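Undergrad: model this:
(one chain, ligands or ions: 1)
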Amino acid sequence: MKFVTLDIQGFTIADEFVAKELGIYTGTKTAHFIFKPPQEHGYVNYEEINSILTKYLTDVNIVYVKGCQKYNFIVGRFNEIGGGGGGTFPLVLNVELSDCNPPVPNLERKIPICMSHTGRGSQKCSLSNCIDLYDWLIKFIPH
Ligand SMILES: [Zn+2]
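TA: Sure thing, here's the model as predicted:
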């Protein structure tokens, strides 16, 4: 059973969530992307998000996310990709809907660790969030 944790940071524009930063953690490897417009700073073209998800998640069984908005975003992407490619995508689970003990940590209090957050006063980093989420999950998920 292969699982990863995934975190997205972004903005809601006209009722649509737009990802700005994507972090994926396998327990040993991280993948991290900062997207280009609609915001002006970024490195990866936003249109590439579907191919990034395909590349990094097709051999994964479960993707854990924290929060409905992130869950809906990822499931929406999978539906969009699957409609054209017929690929197999992992199960997406929102840890906030679990009855876990210890409770899900408040990820957003953590210190940012990626370069795009240093010195800019931001407290939310997808990379640190997905690593923190994994470290919490691994305590009680069989692996
Ligand atoms: Zn970051």
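
Undergrad: Wasn't Asp76 part of a strand?
TA: To be clear, residue 76 is Gly; Asp isn't right here. No: using DSSP: H, G, I helix; E, B strand; the rest coil, the secondary structure at Gly76 is helix, not a strand.

Undergrad: Please name the residues that touch it.
TA: Contact partners of Gly76, counting by Cβ atoms under 8 Å, 6 or more residues apart in numbering, are absent. Glycine gets a C-beta too; all of them are placed from N, C-alpha and C.

Undergrad: For the helix-or-strand element of the chain with minimal mean pLDDT, list the C-alpha coordinates in PDB.
TA: Sorting the helices and strands of the chain by mean pLDDT, DSSP states H and E puts helix 68-85 at the bottom, at a mean of 84. C-alpha atoms of helix 68-85 as PDB (Å, rounded to 0.1, in the frame of the first residue of the first chain):
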ATOM      1  CA  CYS A  68     -12.600  19.800   2.200                       C
ATOM      2  CA  GLN A  69     -11.400  22.400  -0.200                       C
ATOM      3  CA  LYS A  70      -8.200  20.500  -0.900                       C
ATOM      4  CA  TYR A  71     -10.100  17.300  -1.200                       C
ATOM      5  CA  ASN A  72     -12.600  18.800  -3.700                       C
ATOM      6  CA  PHE A  73      -9.800  20.400  -5.700                       C
ATOM      7  CA  ILE A  74      -7.800  17.100  -6.100                       C
ATOM      8  CA  VAL A  75     -10.900  15.000  -6.800                       C
ATOM      9  CA  GLY A  76     -12.000  17.600  -9.300                       C
ATOM     10  CA  ARG A  77      -8.600  17.400 -11.000                       C
ATOM     11  CA  PHE A  78      -8.700  13.600 -11.100                       C
ATOM     12  CA  ASN A  79     -12.200  13.700 -12.600                       C
ATOM     13  CA  GLU A  80     -10.900  16.100 -15.300                       C
ATOM     14  CA  ILE A  81      -7.900  14.000 -16.100                       C
ATOM     15  CA  GLY A  82      -9.700  10.700 -16.000                       C
ATOM     16  CA  GLY A  83     -12.300  12.000 -18.400                       C
ATOM     17  CA  GLY A  84      -9.700  12.200 -21.100                       C
ATOM     18  CA  GLY A  85      -7.000   9.700 -20.300                       C
END
